[in-house]
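Student: here is the input, now give the coordinates:
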Amino acid sequence: MSDRKDLENKSYRVGWIVWFILKNGSMTYKDYLNEFQIVQKTAVRNIGEARDILEDFYGKTIRYDIPKRKYILEELENEE
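Tutor: Numbering: from 1, shown residues only. The predicted model follows:
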């Protein structure tokens, strides 16, 4: 049962990242870590999965902007 609970929590976290970034256009680690109180390694993994969802379904991607220290939402470049 705990495996299912962990999967539900992970799905919720990834969904929350997608929702938050679509709504706000950016997200900091602090936003994420404050929401879930989990280790940074898990955050990076979940952000990667959220990036895949955004690329596949929304044609957008998440890029880490170093000077602003936040993940920002960008349109995918068309590969032709």
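Student: what segments of the chain are helices?
Tutor: 2-24, 29-36, 40-53 (DSSP state H).
Student: how much space between the residue sitting nearest the centre point of the chain and K60?
Tutor: With distances taken as C-alpha atoms, centre = their mean, the residue of the chain nearest its centroid is I47 (3.3 Å). To K60, I47 is 14 Å away according to C-beta to C-beta, to the nearest Å. Quick note: C-beta positions are derived from backbone N, CA and C, even for glycine.
Student: lowest mean pLDDT among the helices and strands, pick that one out for this structure.
Tutor: When each helix and strand of the chain is scored by mean pLDDT, DSSP states H and E, helix 2-24 comes last, with a mean of 82.
Student: how far off helix 29-36 does that helix point, in degrees?
Tutor: For helix 2-24 against helix 29-36, the angle between stretch directions is 140 degrees (axes from the mean of the first three to the mean of the last three C-alpha atoms, to 10 degrees).
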